[in-house]
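**Student:** Just need the structure, nothing else, for what follows:
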Amino acid sequence: MQGVLAAWMICSALGIDSTIKELPPALQSNWLVTHVICYFLSYSALSMSFSAAIVHLVRKAFVSDTPKEASAAGSEVQKKKDYSFDKLAYIAVSIGFPFLTIGLITGSIWAKGAWGTYWGWDPKEIWSLISWLVYLTYMHLPLMLPKTNIKKSFRPILLSIILLIAFPIVLFTFMGLHKLPSSVDSDHIYAE
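**Tutor:** Okay, here's the model as predicted:
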């Protein structure tokens with residue numbers, strides 16, 4: 001999945017104008033560098049969670065087996081570890097979500113220096129907040145689901161479905177939002 005995403009990004013980058021232009025003043029900030037690095041680390045972990053969710057749902061649909069347990073050789077005690085894809089997806093989001101949060105915070109600090117306000121309700125900022133809220137919901141659902149009437153066997157499926165919705169929102173925020181007519185006045189659009 002990541003290979004397809006990387007190929008898509010490379011192909012879209014080939015059509016970009018390669019002439020060297022002066023960097024706009026809003027982009028001349030160390031906060032921007034931190035913001036971008038955090039978001040890219042987050043996106044890579046979240047893409048892994050998306051892939052794991054797809055694999056989990058496909059395996060659930062076509063293979064009816066229990067999660068594989070593997071023995072990890074410790075000292076004298078054999079430890080059993082569950083290596084199911086729904087758990088891998090949760091671990092990947094557990095790694096990506098803090099970076100998503102730090103990216104959102106450093107972006108607002110950068111915005112304060114660039115435009116004089118921490119939050120301007122720009123379409124990019126709104127969709128970044130929506131992405132963050134969806135992953136926040138995903139992170140908290142395992143705590144909430146035991147208090148509901150949802151069957152225990154359906155809970156990992158529900159969490160995987162949320163990831164199938166969440167990552168396209170991230171991709172839209174990152175690569176698709178600037179294509180909308182409403183983004184013409186956006187502070188976050190620097191190139192055509």
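**Student:** and the lengthiest helix in the chain, what does it pack onto?
**Tutor:** Using DSSP state H, we find that the single longest helix of the chain is helix 30-62. For helix 30-62, the contact count by 3 or more C-beta pairs under 8 Å, 6 or more residues apart in numbering; DSSP states H and E identifies helix 2-14, helix 85-115, helix 155-171 as packing neighbours. Glycine gets a C-beta too; all of them are placed from N, C-alpha and C.
**Student:** Name the residues of that helix that are buried.
**Tutor:** 31-32, 34-35, 38-39, 41-43, 45-57, 60 (16 or more other C-beta atoms under 10 Å).
**Student:** Mean confidence (pLDDT) on that helix, please.
**Tutor:** Helix 30-62 shows a mean pLDDT of 91.
**Student:** That helix versus helix 155-171: what angle between them?
**Tutor:** Counting by axes from the mean of the first three to the mean of the last three C-alpha atoms, to 10 degrees, helix 30-62 lies at 140 degrees to helix 155-171.
**Student:** about what we covered before: is it possible to export the helices and strands packed on helix 30-62 to JSON lines including distance to Leu177 and mean neighbour count?
**Tutor:** Shown next, in JSON lines, are the helices and strands packed on helix 30-62 (distance: least, C-beta to C-beta, whole Å; neighbours: other C-beta atoms under 10 Å):
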{"stretch": "helix 2-14", "distance to Leu177": "14", "mean neighbour count": "10"}
{"stretch": "helix 85-115", "distance to Leu177": "14", "mean neighbour count": "19"}
{"stretch": "helix 155-171", "distance to Leu177": "10", "mean neighbour count": "19"}
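**Student:** Quick one: closest of these to Pro146.
**Tutor:** helix 155-171 (8.4 Å; C-beta to C-beta).
**Student:** Report how many residues lie close to Glu125.
**Tutor:** The tally of other residues near Glu125 (other C-beta atoms under 10 Å) stands at 20.
**Student:** what about it, distance to Ile150?
**Tutor:** 33 Å (C-beta to C-beta, to the nearest Å).
**Student:** which SS state does Ser153 fall under?
**Tutor:** coil (DSSP: H, G, I helix; E, B strand; the rest coil).
**Student:** Surely Leu88 is in contact with Ala53?
**Tutor:** No - with contact defined as C-beta atoms under 8 Å, Leu88 does not reach Ala53; the gap is 9.2 Å.
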